[in-house]
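Chemist: A structural model of the following input is requested.
(chains A, B, C and D)
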Protein chains: 2
Amino acid sequence: MQYKEAKNKFVQTWGALGSQWGINKTMAQIHALLMVSNEAVSMEDIMEELQISRGNASMNLRALMDWGIVYKEYKAGERREFFTAEKDLDELAVKISKERSKREIKPALKVLKEVSSIDANASAEEKHFVEQTTKLYDFVLQADNVLDKITEYKDNWLAQLLVKFLK
Amino acid sequence: MQYKEAKNKFVQTWGALGSQWGINKTMAQIHALLMVSNEAVSMEDIMEELQISRGNASMNLRALMDWGIVYKEYKAGERREFFTAEKDLDELAVKISKERSKREIKPALKVLKEVSSIDANASAEEKHFVEQTTKLYDFVLQADNVLDKITEYKDNWLAQLLVKFLK
DNA sequence: ATAAACTTTCATTTTTTTTTGAAAGTTTAA
DNA sequence: TTAAACTTTCAAAAAAAAATGAAAGTTTAT
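Modeler: Now for the predicted structure:
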């Protein structure tokens, strides 16, 4: 396989994977493109490589910057803007999970807490509802915390060992 | 908040959360409904509660069963079929992550391996591509394994301790 | 202050995904 | 074997999400 073909395949695959996880295809593709580029890329070049419109490029770059995983870069003597991706994968994972947590998990947790707090009358049905949503709340809360904690302990030798062990 | 209101809110929220993670809304809603029902529910009742068509209900129930997180149940003397959800949350998490791994991560890994295996000519550009996709392969592979391993070790006292510690 | 070089916005169009519903299929009881 | 009671399938319709592109906005150099 040639470089160009490989690059294209990678970008397409990353785009498809993104879609399946609720991230829009173009956004994932732009990200993929920037991930494997060794230097910052202009909007023009992104449009050209992915065959997308200016508006599309602009909006998805904005979204990627909002996620904190793509940065603007300015080159001396150049008017236009260039873009690079966060290339440290640990850092990338942390940022993505923090954002998803903030945007999606935390609001869901709030609702779970609310609905699990109704006072169930004696009916088995209502009891089961409260029980199940309470369990779900605890579970989601815990899952939401795990990555945070792993990150937190990352500099810690013991944790390093544990993480290694679990792998 | 009343039970009915709470239940509805939960179902809606779970549906919205699903959408954001690439799971179709109705599928997530049916799942939510079954999760908090203390007894198996007929297709008719699902249609009624979620205000969806027969076809929609049928297809999404099939999908949930393919994921292994919803089961058919037969009641003595009843012709129609009833449905229940896997209610053990650890089991649920394992099944979902296994399925997503099989359907989405594994194929992506295959591509990553492929594209990272091109032999880069001397150009910095191609070198960077190979380097980055290789790192990505390793990273995704590792992430893909973590949950498996945690599950595997679940009965193991040491792992229990570690898991507890990491929380 | 002007204009060139660029980016952003957003109403409209296009594409993709989901849903519908009626026909076909299946199972069970008599 | 027939028919009633139910489920599945899938082409067509509807809804939702994403993309376009032109106008508006910004920045910079002169």
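Chemist: and the helix or strand residue A:61 falls within, how far from the chain's centre?
Modeler: In this structure, residue A:61 is located in helix A:54-66 according to DSSP states H and E. Its chain's average C-alpha position is 15 Å from that of helix A:54-66, according to Cα atoms, centre = their mean, to the nearest Å.
Chemist: same thing with stretch A:76-84?
Modeler: The mean C-alpha position of stretch A:76-84 is separated from the chain mean by 26 Å, Cα atoms, centre = their mean.
Chemist: can you give the contact residues for it?
Modeler: Stretch A:76-84 has contacts (Cβ atoms under 8 Å, 6 or more residues apart in numbering or on different chains) with A:34, A:37, A:39-44, A:46, A:61, A:70-75. For the C-beta atoms, the positions are set from N, CA and C on the backbone; glycine is no exception.
Chemist: what's the first-to-last distance across that stretch?
Modeler: Stretch A:76-84 has an end-to-end distance of 16 Å (Cα to Cα, to the nearest Å).
Chemist: which strands or helices does the helix or strand following the helix holding residue A:61 pack on?
Modeler: Sequence order places strand A:70-74 as the next helix or strand after helix A:54-66, per DSSP H and E. If contacts are counted by 3 or more Cβ pairs under 8 Å, 6 or more residues apart in numbering or on different chains; DSSP states H and E, strand A:70-74 sits against helix A:25-35, helix A:54-66, strand A:81-85.
Chemist: figure out which of the ones you listed is closest to residue B:128.
Modeler: Of all the helices and strands packed on strand A:70-74, it is helix A:25-35 that lies closest to residue B:128, at 9.9 Å by Cβ to Cβ.
Chemist: tell me the mean pLDDT over the closest one?
Modeler: Averaged across helix A:25-35, pLDDT comes to 98.
Chemist: what's it in contact with?
Modeler: Defining contact as Cβ under 8 Å, 6+ apart, one finds that helix A:25-35 is touched by A:10-19, A:41, A:46, A:49-50, A:52, A:56-57, A:60-61, A:63-64, A:69-70, A:83-85, A:87, B:132, B:136.
Chemist: intersect those with the contacts of DNA strand D.
Modeler: A:52, A:56, A:60 (Cβ under 7 Å from any atom of the strand).
Chemist: ok, and the closest non-adjacent residue to the first one?
Modeler: For residue A:52, the nearest residue in space outside its immediate sequence neighbours is residue A:26; the separation is 5.9 Å by Cβ to Cβ, 6 or more residues apart in numbering or on different chains.
Chemist: which secondary structure state does residue A:37 sit in?
Modeler: coil (DSSP: H, G, I helix; E, B strand; the rest coil).
Chemist: quick one, phi/psi of it?
Modeler: Main-chain torsions, residue A:37, degrees, to the nearest 10: phi -90, psi 130.
Chemist: residues touching it, list them.
Modeler: Counted by Cβ under 8 Å, 6+ apart, residue A:37 has contacts A:84-85, B:125, B:128.
Chemist: just give me the closest of those to residue B:143.
Modeler: Nearest member of those to residue B:143, counting by Cβ to Cβ, is residue A:85, at 18.0 Å.
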